[in-house]
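>>> what shape does this take:
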Amino acid sequence: TREILSAATTDSEILEMSLGLEDGYFRSYNAGDRTGTIDPKARPWYQLAKQTGNPAITDPYVDVNTNKLIVAVATPVKANGNFIGATCLGISLDTLNEQAKKMNYHGIGSGIITEPGGTILATSRFGETGKNFKEISGIGSKFDEMHSKGNGYFEIEIDGEDTVFAYATVPATGWLVGVTAPADEVFAPLKTLRTMFGIFIVVGLLLAFGICLTFAGGIT
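Here you go, the predicted structure:
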């Protein structure tokens, strides 16, 4: 029923909840009963749930009810162990963009989220939602390497600034999450440590030199 489908939409991050069945039945919280108007078996999320047999997240697509670019969490519905349909939770990419804006390094830098193929799901600076990460000048050429390694970081010049780009893979979705920050800020603690270490070495050498002079004078 529509009342049951409304349960998930109390979460502000959920845009829509829908149910489709093998017999063509289709109902969503926002649009109501769309049986005969929309074929659920033709929807990407339905096909993904049927194919995997497990909860899964789709690639971004335009929702037929809201006309917004979304990703969907698809979950198979079974009866006596047999697949009879699927539910869909639609998550607006606007929500992910809000998350991307919160991704930074101690308040500086920017974040980006892409799906495994490189499509940008959310970004606070680089590229545009729905575009491909590989199209971004400079760092786009690094995508295949990032996807292969899964996590790590590299230094690259962006807009004339030496920048660190750190990334990791979300296990449940395969999404790549990246954060950029000025290299000077990232390596500042290391530079401070190097400076202190250098000072300690100099002081140590001076002390050793002084002790040697004292010892040599005593021998004399």
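>>> could you list the buried residues of stretch 85-100?
The neighbour-count criterion (16 or more other CB atoms under 10 Å) identifies 85-93, 95-97, 100 as the buried residues of stretch 85-100. The C-beta positions use only the backbone N, C-alpha and C, and glycine is treated the same way.
>>> which elements pack onto the helix or strand hosting residue 144?
Take DSSP states H and E as the rule and residue 144 turns out to sit in helix 143-149. With contacts defined as 3 or more CB pairs under 8 Å, 6 or more residues apart in numbering; DSSP states H and E, the secondary structure elements packing on helix 143-149 are strand 176-182.
>>> immediately after the strand it packs on, which helix or strand?
As assigned by DSSP H and E, the chain's next helix or strand after strand 176-182 is helix 183-186.
>>> can I get that next one in CSV, CA atoms only?
As requested, C-alpha coordinates have been extracted for helix 183-186 and formatted as CSV (Å, rounded to 0.1, in the frame of the first residue of the first chain):
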residue,chain,number,x,y,z
ALA,A,183,50.1,20.0,-0.3
ASP,A,184,51.6,22.6,2.0
GLU,A,185,48.8,22.1,4.5
VAL,A,186,48.9,18.3,4.3
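>>> list of residues touching that helix?
When contacts are taken as CB atoms under 8 Å, 6 or more residues apart in numbering, the neighbours of helix 183-186 outside the stretch itself are 105, 106, 108, 109, 155, 162, 163, 164.
>>> roughly how far out does it sit from the chain middle?
Centroid separation between helix 183-186 and its chain, computed with CA atoms, centre = their mean, to the nearest Å, is 22 Å.
>>> next: stretch 121-135.
Taking mean C-alpha positions (CA atoms, centre = their mean), stretch 121-135 and its chain are 11 Å apart.
>>> buried residues, it. List them.
Buried residues in stretch 121-135, defined by neighbour count with 16+ other CB under 10 Å: 121, 122, 123, 124, 126, 127, 129, 131, 132, 133, 134.
>>> for that stretch, C-alpha coordinates in PDB please.
Taking C-alpha atoms only, stretch 121-135 is exported to PDB below (Å, rounded to 0.1, in the frame of the first residue of the first chain):
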ATOM      1  CA  LEU A 121      27.700  11.400  -8.300                       C
ATOM      2  CA  ALA A 122      28.600  14.400  -6.200                       C
ATOM      3  CA  THR A 123      31.300  17.100  -6.200                       C
ATOM      4  CA  SER A 124      32.000  20.300  -4.300                       C
ATOM      5  CA  ARG A 125      34.500  21.600  -6.900                       C
ATOM      6  CA  PHE A 126      35.600  19.400  -9.800                       C
ATOM      7  CA  GLY A 127      33.500  18.700 -12.800                       C
ATOM      8  CA  GLU A 128      29.700  18.400 -12.800                       C
ATOM      9  CA  THR A 129      27.300  15.800 -11.500                       C
ATOM     10  CA  GLY A 130      26.500  13.200 -14.100                       C
ATOM     11  CA  LYS A 131      29.700  13.900 -16.100                       C
ATOM     12  CA  ASN A 132      32.700  11.500 -16.100                       C
ATOM     13  CA  PHE A 133      35.700  11.900 -13.800                       C
ATOM     14  CA  LYS A 134      38.000  11.100 -16.700                       C
ATOM     15  CA  GLU A 135      36.900  14.300 -18.400                       C
END
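>>> can you tell me what sits against that stretch?
Outside stretch 121-135, the residues touching it (CB under 8 Å, 6+ apart) are 60, 69, 71, 93, 96-97, 99-101, 103, 110-115, 117-120, 136, 139-141, 143, 175-176, 180.
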